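Novice: Fold the following and give me the result.
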Amino acid sequence: MFKVDRLRFGTAGIPLSTPKRSTIDGIVHVRNLGLDAMELEFVRGVNLKTELAKKIKYVAKKNDVLLTAHAPYYINLNAKEKEKVEASKKRIIQSAERLYEAGGWSVVFHAGYYLKQPPESVYQRILNELKDIQRELMDRGIKVWVRPELTGKPTQFGDLKEIVKLSEELEMVLPTIDFAHAHARHTGKCNTAEEWREMLSFMEDRLGREALDNMHIHMSGINYGPKGEKNHLPLQESDMNWEDLLKVLKEFRVKGVVISESPNIEEDALLMKKKYEEIEA
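Specialist: Next up, the predicted model:
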């Protein structure tokens with residue numbers, strides 16, 4: 001995996017203001033906006049052909065736009081039915097393959113649900129399935145980070161400790177930290193500089209500096225209730241202390257990518273980038 005030179009900011013998908021709604025036009029528009037990353041949204045399925053992926057790679061490199069991908073939503077590595085688990089693995093592998101062909105860096109996915117089972121046994125099962133995925137990617141020479149995401153509901157597998165532990169055990173795995181999800185999962189906590197310092201210190205202690213030099217971050221405002229995440233909101237319409245978060249990211253010299261998942265994707269990405277650049281190091 002190549003190294004990321006700084007903390008970059010980008011959009012979850014093609015910016016809304018892109019004149020022509022294609023991935024290539026989206027990448028060019030990201031650069032024109034002054035952003036430097038974009039997440040390919042495979043959320044309904046991996047519908048990118050190899051030939052187009054190669055063109056995307058050229059355009060992204062030329063415009064210095066770092067590409068990540070979000071694998072399809074229909075993934076549950078802890079499904080009761082074996083065929084659903086196999087289909088989930090295939091979706092992650094396919095997402096990683098297309099992203100790699102497009103010159104991308106990091107693929108994120110929601111790993112699964114507890115389904116009222118003991119978290120320890122769910123962890124073991126997801127670890128085993130990810131071992132299979134990693135083995136296949138390595139055999140095929142596909143080099144991208146594979147990223148279980150910190151999820152927004154307590155019924156979903158993926159709290160910070162779980163995804164860090166997976167990253168300790170698997171060479172190609174690092175977490176995606178969705179700070180809005182952490183806030184919603186813990187019903188309003190995880191929203192202070194002290195808590196974020198604790199999260200980043202925990203990652204650095206367990207995974208080393210590499211984890212903070214290669215962070216895949218999702219950010220947005222979020223609406224939540226007793227059961228966790230409800231829906232994403234623009235940053236300024238939410239209770240997220242996002243400006244303090246950016247200060248902590250700078251304090252820890254985090255590198256990688258911050259992907260805006262707000263409904264107004266490019267507005268909030270630009271807002272965060274501008275604010276981040278104003279913070280004194």
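Novice: What segments of the stretch 151-281 of the chain are strands?
Specialist: 176-178, 215-219, 221-225, 228-233, 256-260 (DSSP state E, counting those that start in this stretch).
Novice: and of the ones you listed, who's closest to Lys143?
Specialist: Each of the strands of the stretch 151-281 of the chain was checked against Lys143 via C-beta to C-beta, and the shortest separation belongs to strand 215-219, namely 15.1 Å. Bear in mind the C-beta positions are built from the backbone N, C-alpha and C, glycine included.
Novice: Quick one: mean pLDDT for the closest one?
Specialist: If you average the pLDDT over strand 215-219, you get 98.
Novice: What strands line up against it, and which way round?
Specialist: Sheet pairing of strand 215-219 (DSSP bridges) gives strand 176-178 (parallel), strand 256-260 (parallel).
Novice: and those strands as CSV, adding distance to His218?
Specialist: Formatted as CSV, the entries for those read as follows, by distance: least, C-beta to C-beta, whole Å:
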stretch, distance to His218
strand 176-178, 4
strand 256-260, 5
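Novice: With mean pLDDT, mean neighbour count and distance to Gly45 as extra columns, can I get those strands in CSV?
Specialist: Supplementary listing: these in CSV, determined by pLDDT from 0 to 100; neighbours: other C-beta atoms under 10 Å; distance: least, C-beta to C-beta, whole Å:
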stretch, mean pLDDT, mean neighbour count, distance to Gly45
strand 176-178, 98, 27, 20
strand 256-260, 98, 27, 20
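Novice: low-confidence ranges in this protein?
Specialist: The model of the chain has no residue with pLDDT under 70.
Novice: Swap in 80 and give it another go.
Specialist: Scanning the chain with the threshold set as pLDDT under 80 gives 1, 281.
Novice: Show me the helices in the stretch 1-150 of the chain, by range?
Specialist: Across the stretch 1-150 of the chain, reading from the start of the chain, the helices by DSSP state H, counting those that start in this stretch fall at 23-33, 50-62, 82-101, 119-139.
Novice: Could you dump the ones you listed into TSV and include mean neighbour count and distance to Ser220?
Specialist: Shown next, in TSV, are the helices of the stretch 1-150 of the chain (neighbours: other C-beta atoms under 10 Å; distance: least, C-beta to C-beta, whole Å):
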stretch	mean neighbour count	distance to Ser220
helix 23-33	20	17
helix 50-62	16	23
helix 82-101	19	21
helix 119-139	15	25
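Novice: Of all the ones you listed, which one comes closest to Glu278?
Specialist: Across the helices of the stretch 1-150 of the chain, the minimum distance to Glu278, taken as C-beta to C-beta, is reached by helix 23-33, at 17.7 Å.
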